[in-house]
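Engineer: give me a model of this one.
(chains A and B)
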Amino acid sequence: MKIAVCVKHVPEGSARIDPGSKRLDRSGEGALNRFDANAVEEALRLKGESETEVVVVSMGPEKAADSLRKALAMGADRAVLVSDDAAAGSDLVATSRVLAAALEREGADLVLFGQQASDGDGAVLWAAVAERLRRPVVSQAAALSLEGAGVHVKRQTEFGYDVIEAPLPAVVAVSDAINEPRYPSLKGIMGAKKKPQEVLTLAELGVDAAQAGEAGSQTTVLGLASPPARGGSQKIEDDGNAAQAIVDFLAEKRLL
Amino acid sequence: MKTLVFVEHHGSELQKGSLGVLAKAASLDGDVAAVLVGGGVTALTAEAGSYGAATVHVADDDSLEPPLPQPRVDVLAKVVRDGGYDTVLFANSVLAADVASGLAARLDAGINWDLADLVVQDGALVGKRPALGDSVYADVGWKSEPRIALFRAGSFDAAPTGGDAPQVEAVALELEPYSTEAKVVGQELEESTGPSIEDADVIVAGGRGLGAPEGFALAEELARALGGAVGATRAVVDAGWYPYAAQIGQTGKTVSPKLYVALGISGAIQHKVGMQSSSTIVAINKDPNAPIFEFSDLGVVGDLHEIVPKLTELVNQQRNS
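Structural biologist: Numbers count the residues shown, from 1 in each chain, chains lettered A, B, ... in the order given. From the prediction side, this is the model:
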């Protein structure tokens, strides 16, 4: 069995948007998206002591190799990075196209995603990738198990939980409630360097450069502005009359 | 502009978030249609009409009732193609996000998500997308049609537009084999009392400052007095004080009620992103340096265990007078 985990390299610390390109500034230090660590952990948990191969797959700048190495240090077996200048600035439609091509090449039985990217610049990707792979998809998995030739998933929703079953091959996005990701051991960190790490261009994946990056994207950032300002705020100390002050405030705002 | 709005239902109720998006679409120029997918949804078409849908496409089949995204992608793709819709709008939810994303891939269409608003600027549709913890608003656009947009919960008021009875059109089912492979084999629904936090006009949320799980009684009583719902921070949900369904923040729900009352909440960024678009924020915290005061309309430095019972009593008096 083969499990592929899609991961993202996200900027560390306080992110900024580059005013020129209007894209997230990815020039600084980065790290493995913490929500993707849940997906890596879940793959390793499913693998256990079995012969299952866990492959981590990412699209991003060359530096994204750092994040892949972290996943390898956690215990993943192999890494594939799609890195190509022509892929920079890909929107969801273009990113899903490139990732789906990389995943097709792997032919994994199960593809895992984390629930969101902490840089806010990526979410809901799994459903687009599953559509391109023409596979069943289940998101917000709070519990996941392999049963027979399929997955058994407890999906967290606004209304409670849905229990969903789907045959393999399938795509599952896990919630961060599913597990506590392990920290890489020293042995894992040392061992990661020796594990196979591939870097692929779009051409090597057979993806036309015009179908990726800004050229292949169907959305665009037109401009940046300050958010609508909040009205004047006030702060008071409770002198025993705070409850009345709050009621007066709410009455004035017609909220009672 | 020819707009299609995915209107989500739960049981026999249309979801307020999607009705808000429908009302918003109706406020922009052009033809507005809704699409309902599920078992027995034909009964809900008139309500969709009253929020601005001139046409309601229905895929009414019991096999479609389980809340799975892929059959919905099949239905929407067919409606968009056959009806020539140039814009498809969604209110965010676990289900709607997956439908929107799958539809984008199916149609190779541009999708902008996490939008707080949609406007027409110089004849072009522009989405407003808060970014970086809402410190920046990005104007986002589409380079082709159809345009797909997914809105934050509570972006728009769900106010009936008083539209006429809509034209109802049945959608012939044509499902992809892979769309029907996932099956819902069970559900554990949490029976909620009072409004759900996404639909509530008032939310009273509690954090660590409540002191103990029992402290949530204070939040619940105030919420009842104000006719609102109870929310919670990630910290107290992780600690087992309150159910996850009430969690507000980056890993919980995003809400934007008319009034948000924060009790004993410090205002960590994790929480802030889930509630800062609330119209009015009132915070009570004993720490004068709590970050929540930076984005509150009224901040009260004091002991919530003293203030909240009095506040609840005063609100009840006001309501009953």
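
Engineer: so A:Ala43 makes contact with A:Val57?
Structural biologist: No: using CB atoms under 8 Å, A:Ala43 makes no contact with A:Val57, being 11.3 Å away. For every residue, glycine as well, the C-beta is placed using N, CA and C.

Engineer: what about B:Pro166, distance to chain A?
Structural biologist: B:Pro166 sits 26 Å away from chain A, going by CB to the nearest CB, to the nearest Å.

Engineer: hmm, that residue is touching B:Gly52, no?
Structural biologist: No: with contact defined as CB under 8 Å, B:Pro166 and B:Gly52 do not form a contacting pair (9.2 Å).

Engineer: that older thread, list residues touching both of A:Ala43 and A:Val57?
Structural biologist: Taking CB atoms under 8 Å, 6 or more residues apart in numbering or on different chains as the criterion, A:Ala43 and A:Val57 both touch A:Val5.

Engineer: helix or strand, whichever it is, which one in chain B has the lowest mean pLDDT?
Structural biologist: Within chain B, no helix or strand scores below helix B:269-275, which has a mean of 84 by mean pLDDT, DSSP states H and E.

Engineer: what sits up against that one?
Structural biologist: Here helix B:269-275 makes contact (CB under 8 Å, 6+ apart) with B:133-134, B:203, B:205, B:207, B:231, B:233-234, B:248-256, B:260, B:262, B:265, B:281, B:291-292, B:295.

Engineer: sort out for me which of the residues you listed are in helices.
Structural biologist: Residues of the contacts of helix B:269-275 located in helices (DSSP state H): B:Arg234.

Engineer: so which of the contacts of helix B:269-275 reach chain A?
Structural biologist: B:Asp134, B:Gln250, B:Thr251, B:Lys253, B:Phe295 (CB under 8 Å from any CB of the partner chain).

Engineer: if we can go back for a sec, show the buried residues in the contacts of helix B:269-275.
Structural biologist: Restricting the contacts of helix B:269-275 to buried positions leaves B:134, B:203, B:205, B:207, B:231, B:233-234, B:248-256, B:260, B:262, B:265, B:281, B:291-292, B:295, with burial counted as 16 or more other CB atoms under 10 Å in any protein chain shown.

Engineer: okay, strands next: where are they in the stretch 1-150 of chain A?
Structural biologist: Remark: strands assigned in the stretch 1-150 of chain A by DSSP state E, counting those that start in this stretch are A:2-6, A:9-11, A:30-32, A:53-59, A:78-82, A:110-113, A:137-147, A:150-157.

Engineer: point out the most buried one among those.
Structural biologist: strand A:110-113 (a mean of 28; mean count of other CB atoms under 10 Å in any protein chain shown).

Engineer: partners of it, with directions?
Structural biologist: strand A:2-6 (parallel), strand A:170-174 (parallel) (DSSP bridges).

Engineer: can you lay out those strands as TSV showing mean pLDDT?
Structural biologist: As requested, the strands paired with strand A:110-113 are exported to TSV (pLDDT from 0 to 100):
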stretch	mean pLDDT
strand A:2-6	98
strand A:170-174	97
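
Engineer: what bits of the stretch 101-250 of chain A have low per-residue confidence?
Structural biologist: Regions of the stretch 101-250 of chain A meeting the criterion pLDDT under 70 cover residues A:120-123, A:227-232.
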